[in-house]
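In: what's the 3D shape of this:
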Amino acid sequence: MDKASLIGIIIGVVCLGFVLYEVSHGHLMMFFSLEGVLMVGGGSLSVAFMAMPMDKIKKVPAYIRRFMFHKGMDPVDVVKQMQGFADQSRRDGILSLETKIAQVSDPFLAAGMKMAVDGTDPDAIEGTLRLELAAMQERHKAGKKFFDLLKLYGPGWGLVGTLVGQIGLFGGLADAEVGKLGEMLAVAVGATMYGAILANAIAGPIGDKLAIRSSEEIQNREMMLHGILSIQRGDNPRVTTEKMLAFLPAAARTSLRAAA
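Out: Take a look at the predicted model:
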């Protein structure tokens, strides 16, 4: 579970719920508008379906899981794991790493280490792994794109709902039915509120978190790539470690150097 995502959701729900409760004096249903939900929710989804291919739409649950449950390795753990590989390779030879590859959970690292152990040309290893990095970036862009579409068009559909409600309001002025006019006004204001909540409290934060997670994963795999090539070249384990430490902030570098 991503604790930061959970904390953010709880804070947002509690604050919004408290304000709605105070304003409505407990009558929370006054904020519900079926027309507004259909306009903003359905309209935003329609845009996503029109803008993205179906195979990407089907992966939306996976994008949400990635937002809530982060399974990526910590950069410090990446350095420690590669440091262990470098030490063993230096001590027992690179072929001794073959038994450890099966225990590696990251498929990118496992594939790279297997190529290194098999004696694949370094340029071929780097080329293959960089292709994998490029493909991963494209997959991650699709996840962020879905939520960027909701963020972009949700408020627009809220505006459409507002205009529809206002037209209904103005159209009913001749009959002067206060209840009907109030209902149309609620549709107008409610749609704007739903669009703003969708963009600023749901789609925007999820898209931004996915972008950060993507950057973290790219950095981790860049570290792995440099570590794999260094191990294959037979560099001193300290040299291998220093190459990966270049990706970390100063505080983390100092801590790892002290532990080495």
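In: quick one, domains of the protein?
Out: 1-31, 33-75+123-259 (automatic domain parsing).
In: just how off-centre is the last one within its chain?
Out: Between the centre of domain 33-75+123-259 and the centre of its chain there are 5 Å (CA atoms, centre = their mean, to the nearest Å).
In: average pLDDT for it, rounded please.
Out: Domain 33-75+123-259 carries an average pLDDT of 88.
In: next one, pLDDT for residue 1 please.
Out: 80.
In: swap in the one 10 residues further on?
Out: According to the predicted model, the pLDDT of residue 11 comes to 95.
In: report how many residues lie close to it.
Out: Close neighbours of residue 11, defined as other CB atoms under 10 Å, add up to 10. All C-beta spots, glycine's among them, are computed from the backbone N, C-alpha and C.
In: got a list of contacts for the strand or helix carrying it?
Out: In the assignment (DSSP states H and E), residue 11 maps to helix 3-24. For helix 3-24, the surrounding residues in contact (CB atoms under 8 Å, 6 or more residues apart in numbering) are 28, 30-31, 67-68, 197, 201, 205, 209.
In: so which of the residues you listed are in helices?
Out: Among the contacts of helix 3-24, the ones falling in helices (DSSP state H) are 67-68, 197, 205, 209.
In: buried members of those into ChimeraX, please.
Out: Those of the ones in helices among the contacts of helix 3-24 that count as buried under 16 or more other CB atoms under 10 Å are selected in ChimeraX with:
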select :67,197,205,209
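In: redo the ones in helices among the contacts of helix 3-24 as JSON lines? Include distance to residue 138.
Out: Formatted as JSON lines, the ones in helices among the contacts of helix 3-24 follow (distance: CB to CB, whole Å):
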{"residue": "67", "distance to residue 138": "19"}
{"residue": "68", "distance to residue 138": "23"}
{"residue": "197", "distance to residue 138": "30"}
{"residue": "205", "distance to residue 138": "23"}
{"residue": "209", "distance to residue 138": "19"}
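In: among the ones in helices among the contacts of helix 3-24, which two are most distant?
Out: With CB to CB as the measure, no two of the ones in helices among the contacts of helix 3-24 lie farther apart than 68 and 197, at 18.7 Å.
In: which residue ranges of the protein form helices?
Out: 3-24, 34-37, 43-51, 54-57, 60-68, 75-92, 98-101, 107-117, 122-171, 178-197, 204-233, 237-245, 250-259.
In: separation between residue 246 and residue 6?
Out: Distance, residue 246 to residue 6, using CB to CB, to the nearest Å: 33 Å.
In: and what of residue 50?
Out: From residue 50 to residue 6 the distance is 32 Å (CB to CB).
In: just residue 212 next, same as before
Out: Residue 212 is 16 Å from residue 6, by CB to CB.
In: coming back round to it: what's the angle between the helix holding residue 11 and helix 204-233?
Out: 180 degrees (axes from the mean of the first three to the mean of the last three CA atoms, to 10 degrees).
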